[in-house]
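Colleague: After the sequence you'll find the predicted model.
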Amino acid sequence: MKFKEIQEMSSDELATKKRDLRQESLHLRLQQQSGQLEQPSRLRLLRRQVAKLETVLSQRANREAK
């Protein structure tokens, strides 16, 4: 997901997407612990996507606070 696409999403959509990505990350970590994870690089990608979402959400919160 591109940063531009993330910025165009509403705050509710961002929060939902963040929750979904964190849930997927949890499942992948459980698979990794049991040795069943096929794509270890997917964990890194999910972490970065969550960070992008959190960045946009915090920027919006800072703008509203000013």
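Modeller: Here it is on my side, so go on. Predicted model only: the values in this text are computed from it and were never measured.

Colleague: Just give me the neighbour total for Lys52.
Modeller: When neighbours are counted by other C-beta atoms under 10 Å, Lys52 registers 19. All C-beta atoms are positioned from the backbone trio N, CA, C, and that covers glycine.

Colleague: If you could redo that for Glu5, that was the one I meant.
Modeller: When neighbours are defined as other C-beta under 10 Å, Glu5 has 9 of them.

Colleague: which residues touch it?
Modeller: Listed by C-beta atoms under 8 Å, 6 or more residues apart in numbering, the contact set of Glu5 is empty.

Colleague: Give me the nearest residue to Leu37, chain neighbours excluded.
Modeller: Leaving out its chain neighbours, the residue that sits closest to Leu37 by C-beta to C-beta, 6 or more residues apart in numbering is Gln31, at 4.4 Å.

Colleague: got the buried residues for the host helix or strand of the one you found?
Modeller: Using DSSP states H and E, the element containing Gln31 is helix 11-34. Residues of helix 11-34 classed as buried by neighbour count (16 or more other C-beta atoms under 10 Å): 14, 17-18, 21, 25, 28, 31.

Colleague: which residues sit against it?
Modeller: With contact meaning C-beta under 8 Å, 6+ apart, helix 11-34 is reached by 6, 9, 37, 40, 42-43, 46-47, 49-50, 53-54, 56-57, 60.

Colleague: Inside helices: which ones of those?
Modeller: Judged by DSSP state H, the subset of the contacts of helix 11-34 located in helices is 6, 42-43, 46-47, 49-50, 53-54, 56-57, 60.
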